[in-house]
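K.L.:
Below: sequence and its predicted model.
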Amino acid sequence: MMNNKIIATAVLIVVAVILAGLYIATEHESNDDGILYNTSGQTVVDAVGRTVPLPDTLDHGIVTIGSAGPLRFISCFDACKKVIEVDEGDIKDSKNGRAYSYSYPFDELTRYHADNALESRTAESIGNLGPSLIVVQESVWNDYNNNCNILAKRCALIVIKTQDAFNFSDENGGLSADIKNTFNILGKALGEEERAAEVIIGIESIISDLRSLTGTSNDNVYVAGVTIQGSNTLNTTFPIYVPLDLVKGNNAYKGENIGGKVTLNIENFTQMNIQKVVIDPSSSDKIKEQSSQLVLEYLYKLNANSNTNDRIRLYITVPTIWDSINYDSSLASAYYLAYLLYGTISQDQLTEKINNVFTTFYGDRGENVFADMTAFFEQKSAANGVEMPLLKEVFITENNGVYSLAAA
């Protein structure tokens, strides 16, 4: 009898726990804790056509999932201060060319999840956290659709387009429709529609300004050591380079016009007609690798045997990609190319215009972005035994058959 009573008591306890859990879940889904409470009836249509009820408050925080858009775009809004959980790389990886990471100390957050992923355990953790808003990129929505839908029943979850690294402006020279739509979706979701319109107008004004600075140049530009899927050696380039396209410059690479990077063998590299080389400073950790050494050796010997006017000159640009494209840094790099190719702006104007890019994206938080990024890359290149200062000319040095870069 005693055992039966013990069993019966245990069963009652289990049932009570289950009912309590159901009650909590019901209370959560009925919005009584305010996480999903929607009294205004405000909704937004996201990038995949879902009509999403918007929370009345963001006080429970924002979670971003995906390294190709969510946090980059939210950084342009004051609501970025409400972000409470991000991809792991936004906390643990070096800042590199991610301008948004200099605009706000996201790396001081303590909550994070695996990059570009929404595994079941992560979904459960975020669901228990109960944020006001979750923003995911479309690739995460597609890859983890079931878990996204589970979270969407508990929290406001919106989907934005995954960033396209090679399509920034439309055929009329304005901002692409997808980027405009992302700003507008977030502007409504964050209660900052005026700010969204302000950023769009500001970026399109910058694009227009860049077009006005375009002149005539026969110089072919080789883009070296581009960053995509990590840093790369100097024989890696982009067939499509957004900053060069923005100022209608000539890409020295004339091969297949595909997205993504192209890695050249040294024979193909030496056959290109190059007048200028712009180098992504993220590649400083790859300068001592053999492929980079072969490129530097060729350029060093070619310049040593050329007249001064025929030498290929090398410059350090603003990196455009880390994890995904940084549209702000692409605009900054485009200004540098206008300066190098056409001479339509002075050095002082160049700095002023680049700072304007970052304040257009981040407001007052953008005032020191370029200075902080410059300092970061000075330290990074020095740690790798090279000099690669942003927006400066460099020359090749040789010491016992080892080639490096130094500021001119």
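P.N.:
Yep, that arrived.
K.L.:
quick one: the strands in the stretch 301-408 of the chain?
P.N.:
313-316, 321-322, 324-325, 393-399, 402-407 (DSSP state E, counting those that start in this stretch).
K.L.:
Averaged pLDDT, the second one. What do you get?
P.N.:
Going back to what we said before, that points to strand 321-322. What strand 321-322 shows for mean pLDDT is 84.
K.L.:
ok, now the fourth one?
P.N.:
For strand 393-399, mean pLDDT rounds to 97.
K.L.:
How about stretch 143-156?
P.N.:
Stretch 143-156 comes out at a mean pLDDT of 96.
K.L.:
got the end-to-end distance for that stretch?
P.N.:
End-to-end distance of stretch 143-156 (Cα to Cα, to the nearest Å): 19 Å.
K.L.:
Name the surrounding residues that touch that stretch.
P.N.:
Contact with stretch 143-156 is made by 28-29, 35-36, 52-55, 116-120, 122-123, 126-127, 130-134, 136, 140-141, 157, 159, 189, as judged by Cβ atoms under 8 Å, 6 or more residues apart in numbering. For every residue, glycine as well, the C-beta is placed using N, CA and C.
K.L.:
how about a cut-off of 7 Å?
P.N.:
Residues outside stretch 143-156 that contact it (Cβ atoms under 7 Å, 6 or more residues apart in numbering): 28-29, 35-36, 52-55, 117-118, 120, 123, 126-127, 130-134, 136, 141, 157.
K.L.:
what does stretch 208-224 give?
P.N.:
Under Cβ under 7 Å, 6+ apart, the answer for stretch 208-224 is 173, 234, 237-238, 241, 244, 246-253, 272-279, 334-335, 338, 341-342, 344-345.
K.L.:
returning to what we had before: the contacts of stretch 143-156, buried ones only, as a ChimeraX selection?
P.N.:
Only the buried entries of the contacts of stretch 143-156 go into this ChimeraX selection, using 16 or more other Cβ atoms under 10 Å:
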select :28,35,36,52,54,55,118,123,126,127,130,131,132,133,134,136,141,157
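K.L.:
Quote the end-to-end distance of stretch 64-76.
P.N.:
Terminal-residue distance, stretch 64-76 (Cα to Cα): 14 Å.
K.L.:
tell me the mean pLDDT over it?
P.N.:
Rounded mean pLDDT across stretch 64-76 is 96.
K.L.:
May I have the predicted confidence score for Ile24?
P.N.:
With respect to pLDDT, Ile24 has a value of 33.
K.L.:
Just give me the neighbour total for Gly49.
P.N.:
7 (other Cβ atoms under 10 Å).
K.L.:
no, scratch that, I was asking about Asp310
P.N.:
10.
K.L.:
next one: Gly401
P.N.:
7.
K.L.:
Show me the chain divided up by domain.
P.N.:
Domain assignment for the chain, taken from automatic domain parsing, gives 33-208, 216-407.
K.L.:
could you pull out the strands for the stretch 51-200 of the chain?
P.N.:
51-53, 62-65, 83-87, 111-113, 133-137, 156-160.
K.L.:
average pLDDT for the fourth one?
P.N.:
Right, strand 111-113. Rounded mean pLDDT across strand 111-113 is 97.
K.L.:
List the pairing partners of that strand within its sheet, with orientation.
P.N.:
Here strand 111-113 has these sheet partners by DSSP bridges: strand 83-87 (parallel).
K.L.:
hang on, the earlier thing: in CSV: the strands of the stretch 301-408 of the chain, plus mean neighbour count and distance to Asn305.
P.N.:
Compiled in CSV, the strands of the stretch 301-408 of the chain are given as follows (neighbours: other Cβ atoms under 10 Å; distance: least, Cβ to Cβ, whole Å):
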stretch, mean neighbour count, distance to Asn305
strand 313-316, 22, 15
strand 321-322, 24, 34
strand 324-325, 20, 38
strand 393-399, 15, 13
strand 402-407, 18, 16
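K.L.:
May I see the ones you listed organised as TSV, with distance to Glu88 added?
P.N.:
Listed next are the strands of the stretch 301-408 of the chain as TSV, based on distance: least, Cβ to Cβ, whole Å:
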stretch	distance to Glu88
strand 313-316	29
strand 321-322	14
strand 324-325	15
strand 393-399	33
strand 402-407	32
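K.L.:
And the ones you listed: which comes nearest Asp46?
P.N.:
Among those, the nearest to Asp46 by Cβ to Cβ is strand 324-325 (18.9 Å).
K.L.:
For Leu350, which of the strands of the stretch 301-408 of the chain is the nearest?
P.N.:
strand 313-316 (12.1 Å).
K.L.:
quick one on the thing from earlier: need the strands of the stretch 51-200 of the chain in TSV with distance to Asn305, can you?
P.N.:
What follows is these, written out as TSV (distance: least, Cβ to Cβ, whole Å):
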stretch	distance to Asn305
strand 51-53	64
strand 62-65	52
strand 83-87	49
strand 111-113	52
strand 133-137	50
strand 156-160	52
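K.L.:
Fine by me, thanks again.
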